[in-house]
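Novice: Give me a model of this one.
(chains A and B)
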Amino acid sequence: MAAHHTEIKARRNRRWIIFSLLPAATLFIVLTAFPVINLLGLSFFHVEWREGAAQFSLVGLDNFTRLFTQEDIFWAGVRNNIIFAVVAVSCQMVLGFSMALAVKTAGSRGRAALTGIFLLPIIVPPIVIGTMWRLIMGREFGLANTVLGLVGLGPVDWLGNPDLALASVIFVDVWHWTPFVFLLMLAGLESLDGEVLEAARIDTSGRWQQIRHVVLPMMMPTIVITLLFRVILSFKVFDEVYLLTSGGPGTATEVVNFSIYRTFFRQDQVGYGAAMSVVTLFSITLVIILARAFVQRRAARRQAAA
Amino acid sequence: MTRRSLGAVVANSIVWGYAFLILGPTLWVLSNAFKYKIDIITGATFSPFTWINFQELLFSRQSDFLMNLFNSAVIGVASTAIVIVIATMAAFTLVYLEVKPWVRWALLGWALLFHMLPNLTFVGSWYLMYSSVGLHGTYFAVIMTHAVQNLPMALFLMISFVGALPRELIQAARMDGCTYAQVFWRIVFPLVRGGMIAATALTFIFSWSDFAIALTLTSRDTMTVPVAIATFAQEYDIRYGEMAAGTLLSIMPALVLILIGQNFIVRGLLAGAVK
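Specialist: Residues are numbered from 1 along each chain as shown, chains lettered A, B, ... in the order given. Next up, the predicted model:
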């Protein structure tokens, strides 16, 4: 009887494990794993729409050869994405870290209000940020040109000038994400060992020395992870670009995501768009795997050294 | 002493300067919601106050904005409910029960990877999948896609919250003869409620904010607020006042959340980022 009872319980428990993991696994398989396979498959086809129905013709590697030999816009996007990742993320890291350091060492009045304000860009819909800055950077009656006008300068065409547009979009991204880096850095600084910091304050001569030789090395793990995280996530940029410039003027602010969107939804080139998606997906996956390996090796080395 | 207080002044002014850089432009744009069009265009600093933009936006015949708000709310609530239940159950099992290593590895590894990949690489495929089964433009399509989109973050958040529960309590319940399901519903579920609220708030905000998925998977009848705002901005004759009013309404959930649950969000965002 007791044995029978335990057996029923064991079966129920096995069933729970399946029942609790199945919904998550199903969602992932149907809506993320399958699309990857679907995209891979589509990338070997040329798809044409005739009378509302899709006509598939197998073209082998044609989409990929076209992408690697005849395409300009997509690669302009790749180039911009890389500039974006390097410039925007370095600005965010330097600004975010210095501000966190300032608040940590000097203390700040009205901490709760400050956190509230800094959260605003992070949780407001990105499309709203795009709208806002489009109005501010507008050529005719934007706030930016009004302010410049007060000191007798401008008007500047922030978003329409090919030499300025990318810088303007990067500025908006820095504005958007610096608070996030700041909050991460502040949390990291506050979890540092207070005694070590205090000892360092007594032992080292200057504030700068203390930051360079004590605080920075202790913060390195947080800094590296935040940096890699931001670099990888910077490839997600889409909403703001869609609203601010739609990739223009020319290809000045083209990004990979926008190329994919345009190819799929405005030019109806499904097979070609799939090839772009596949190349993007696998490249970013490779970057993620390399970044992860890098972080793990660093951690292992630190542990060995300690 | 003087050096320290000088440093404090400089540091404070830098950080508050940045705060001003956030608040200033935001308030300037939002103030347009309460101005007449002529005052917005001429850039008048002091201008008469009006509700006209909200009336036009919400109640005029040509505007669908009330419906857009309703759609965003339906999609946000439904997808959040699905995500939180799924994530909490999975988190409990992954943290406390004996799951085959490859299952754990595959689920968490894939969640982490998918979380970092741009969703624009998936929207084309989602569009084709839903279209081929006649579900494009339905609530169902957007709700399920938002659910999968936010599942990784919710999963990592719930793993950190569930993992913080006292392990002895769960051991004790299992010793007393509870089945796993009973442990979950009677012990874990009530105890982790605080964490669930934080994850719920964040998930809802991300669903509410999504643009790319809603842009490609909704139709006119299921269009959400961000897509509507983007449409406003792309019109030839931009209705600045109504656009500002729509923007103000669309950031209300975020504002409410900052006012009532600031600590929750900070904790949640950090947990989601570092994992």
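
Novice: Do you have the helices of the stretch 101-250 of chain B handy? List them.
Specialist: Taking DSSP state H, counting those that start in this stretch, the helices of the stretch 101-250 of chain B run over residues B:101-116, B:120-132, B:139-163, B:167-175, B:180-182, B:189-191, B:193-209, B:212-217, B:225-234, B:240-250.

Novice: starting at the chain centroid, how far to the first one?
Specialist: Just to be clear, that refers to helix B:101-116. Helix B:101-116 sits 22 Å away from the centroid of its parent chain (C-alpha atoms, centre = their mean, to the nearest Å).

Novice: So which bits of it are buried?
Specialist: B:107-108, B:110-111, B:113-116 (16 or more other C-beta atoms under 10 Å in any protein chain shown). The C-beta positions use only the backbone N, C-alpha and C, and glycine is treated the same way.

Novice: Out of these, the closest to residue A:187 would be?
Specialist: residue B:115 (19.6 Å; C-beta to C-beta).

Novice: now that closest one: how far from chain A?
Specialist: 9 Å (C-beta to the nearest C-beta, to the nearest Å).

Novice: now residue B:197
Specialist: 15 Å.

Novice: okay, that residue: pLDDT?
Specialist: What the model reports for residue B:197 is a pLDDT of 88.

Novice: For the closest residue in space to it that isn't next to it in sequence, grab the count of nearby residues.
Specialist: Closest residue in space to residue B:197, ignoring its immediate chain neighbours: residue B:264 at 6.9 Å, by C-beta to C-beta, 6 or more residues apart in numbering or on different chains. Neighbours of residue B:264 under the rule other C-beta atoms under 10 Å in any protein chain shown: 18.

Novice: wait, residue B:264 sits on residue B:196?
Specialist: No - applying C-beta atoms under 8 Å, one finds residue B:264 not in contact with residue B:196, separated by 10.8 Å.

Novice: Which residues in stretch A:283-303 does the neighbour count mark as buried?
Specialist: Applying 16+ other C-beta under 10 Å to stretch A:283-303 flags A:284, A:287-288, A:291 as buried.

Novice: quick one: that stretch to chain centroid distance?
Specialist: 17 Å.

Novice: So it, near chain B or not?
Specialist: Yes - residues of stretch A:283-303 contacting chain B under C-beta under 8 Å from any C-beta of the partner chain: A:284-285, A:288.

Novice: The one helix or strand residue B:69 maps to to helix B:101-116, inter-axis angle?
Specialist: Assigned by DSSP states H and E, residue B:69 belongs to helix B:65-96. Inter-element angle recorded for helix B:65-96 and helix B:101-116: 150 degrees (by axes from the mean of the first three to the mean of the last three C-alpha atoms, to 10 degrees).

Novice: tell me the mean pLDDT for helix B:65-96?
Specialist: 95.

Novice: who does it touch, helix- and strand-wise?
Specialist: helix A:2-28, helix B:52-59, helix B:101-116, helix B:139-163, helix B:193-209, helix B:225-234, helix B:240-250 (3 or more C-beta pairs under 8 Å, 6 or more residues apart in numbering or on different chains; DSSP states H and E).

Novice: export those to JSON lines and tack on distance to residue A:121?
Specialist: Output for the helices and strands packed on helix B:65-96, formatted as JSON lines (distance: least, C-beta to C-beta, whole Å):
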{"stretch": "helix A:2-28", "distance to residue A:121": "30"}
{"stretch": "helix B:52-59", "distance to residue A:121": "24"}
{"stretch": "helix B:101-116", "distance to residue A:121": "20"}
{"stretch": "helix B:139-163", "distance to residue A:121": "18"}
{"stretch": "helix B:193-209", "distance to residue A:121": "12"}
{"stretch": "helix B:225-234", "distance to residue A:121": "15"}
{"stretch": "helix B:240-250", "distance to residue A:121": "14"}
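
Novice: Quick check: which of the ones you listed is nearest to residue A:194?
Specialist: helix B:139-163 (23.9 Å).

Novice: Check whether that closest one comes near chain A.
Specialist: Yes - under the criterion of C-beta under 8 Å from any C-beta, chain A is reached by helix B:139-163 at B:144-145, B:147-148, B:151, B:155.

Novice: you'd agree residue A:137 is up against residue A:160?
Specialist: No - using C-beta under 8 Å, residue A:137 makes no contact with residue A:160, being 9.4 Å away.

Novice: These two - which one has more neighbours?
Specialist: residue A:137 (25 against 16).

Novice: ok, now how distant is the more buried one from residue B:257?
Specialist: In this view, residue A:137 and residue B:257 are 28 Å apart by C-beta to C-beta, to the nearest Å.

Novice: Show me what the host helix or strand of residue A:295 is packed up against.
Specialist: Assigned by DSSP H and E, residue A:295 belongs to helix A:270-305. In this structure, helix A:270-305 makes packing contacts with helix A:34-42, strand A:45-50, helix A:62-69, helix A:216-234, helix A:256-261, helix B:101-116, helix B:120-132, judged by 3+ C-beta pairs under 8 Å, 6+ apart.

Novice: now it against helix A:216-234, angle please.
Specialist: Going by the same axes, to 10 degrees, helix A:270-305 makes 170 degrees with helix A:216-234.

Novice: Next, the angle from helix A:270-305 to strand A:45-50.
Specialist: Helix A:270-305 runs at 140 degrees relative to strand A:45-50, counting by the same axes, to 10 degrees.

Novice: average pLDDT across helix A:270-305?
Specialist: Mean predicted confidence for helix A:270-305 is 91.

Novice: and if you look at stretch B:154-171?
Specialist: Mean predicted lDDT for stretch B:154-171 stands at 89.

Novice: low-confidence ranges in chain A?
Specialist: A:1-2, A:51-52, A:107-109, A:141, A:203-205 (pLDDT under 70).

Novice: and it, what are its domains?
Specialist: A:2-33, A:62-305 (automatic domain parsing).

Novice: most packed of these?
Specialist: domain A:62-305 (a mean of 18; mean count of other C-beta atoms under 10 Å in any protein chain shown).

Novice: quick one on the thing from earlier: let me know the closest of the residues of stretch A:283-303 next to chain B to residue B:29.
Specialist: residue A:284 (33.0 Å).

Novice: Unless I'm misreading it, that closest one sits right up against residue B:120, doesn't it?
Specialist: No - using C-beta under 8 Å, residue A:284 is not in contact with residue B:120, being 11.2 Å away.
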